[in-house]
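Undergrad: Just a sequence and a predicted model for now, questions to come.
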Amino acid sequence: MIKELIDSGKIGNLQYIYSNRLNLGQVRTEENVFWSFAPHDISILQFLTESFPVDINTMGGAFLQDDIHDSTITFLSYPNNIKAHIYLSWLHPFKEHRIVIIGSKGMISFEDSLDSKPLKFYDKKFIRNKNNFEKIDGKIEKIDYEESAPLEEELKYFVNNLDEGDFKISNGENGLEVIRMMFPSEIIVNDSAIVPDNVNIIPLFTSSNQSTSMEEFFNLSPDPNANPSFRQLHESGKTAR
């Protein structure tokens, strides 16, 4: 529904998106909060923007365990001057799963952490008159939508498209795209094939081996012929790591 509202032009030109995924726990010991939570939000951003960011900048803090970050903020810049940030934390006094989309003609919010899960459109914007800005603080409209369990819908979509293999909304390429955005936030990239040359990556934190930190060449190709790690999966007793 949010994508439909954006595509319909209801909010005008897409300008800014932010996603907060916050709660008190559950604390992990094998990965940090970025690897635990960020894939969900990154996939949402990729779906809404239909583009790959040109700049990714992540910072975070480790407080409960050495080198395993409890809170992170990731700033992303997309083509056409679209900006976004993702705020993640399992060290937070209350639960908040919220996404806000800002456009040139209006704004949208979705509160997944509330029981009613409200989706709202805000008739709020600024109109520039030479050097002055007129604030339009209009009405708030609640958008009705068909509520369903996201995971159930994902499974239905997967099963219904198995025969033809026509996965247009979400497929393996989308998953790989998310991983390509996840890895550079924690590693020193030595392979330009992983991220396009025009993407500026600034890894601002490096975590322990337990939170999947890497500082070496790695191959993300899912093709066993191109990736020796995946070829090992066909050998008895071997795993790729």
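TA: In hand now; what should we look at?
Undergrad: Give me the buried stretch members for the single longest strand found in the chain, please.
TA: If you go by DSSP state E, the chain has its longest strand at strand 91-103. Neighbour-count burial for strand 91-103 flags 91-92, 96-103 (criterion: 16 or more other Cβ atoms under 10 Å). Where you see a C-beta, it was placed from the backbone N, CA and C, and this is true even at glycine.
Undergrad: Beyond it, next helix or strand please.
TA: Downstream of strand 91-103, the next assigned helix or strand under DSSP states H and E is strand 107-111.
Undergrad: where do the strands sit along this structure?
TA: For the chain, applying DSSP E gives strands covering 14-24, 55-61, 71-78, 82-89, 91-103, 107-111, 119-129, 132-142, 200-203.
Undergrad: Give the residue spans of this protein that score low on pLDDT.
TA: 183-241 (pLDDT under 70).
Undergrad: how much space between the residue of it most remote from its centre and residue 56?
TA: The outermost residue of the chain relative to its centre, with distances by Cα atoms, centre = their mean, is residue 130 at 36.5 Å. Per Cβ to Cβ, to the nearest Å, residue 130 is found 36 Å from residue 56.
Undergrad: is it possible to export the strands of the chain to a markdown table including distance to residue 168?
TA: As requested, these are exported to a markdown table (distance: least, Cβ to Cβ, whole Å):
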| stretch | distance to residue 168 |
| --- | --- |
| strand 14-24 | 21 |
| strand 55-61 | 26 |
| strand 71-78 | 21 |
| strand 82-89 | 22 |
| strand 91-103 | 22 |
| strand 107-111 | 23 |
| strand 119-129 | 23 |
| strand 132-142 | 29 |
| strand 200-203 | 29 |
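Undergrad: Noted, bye for now.
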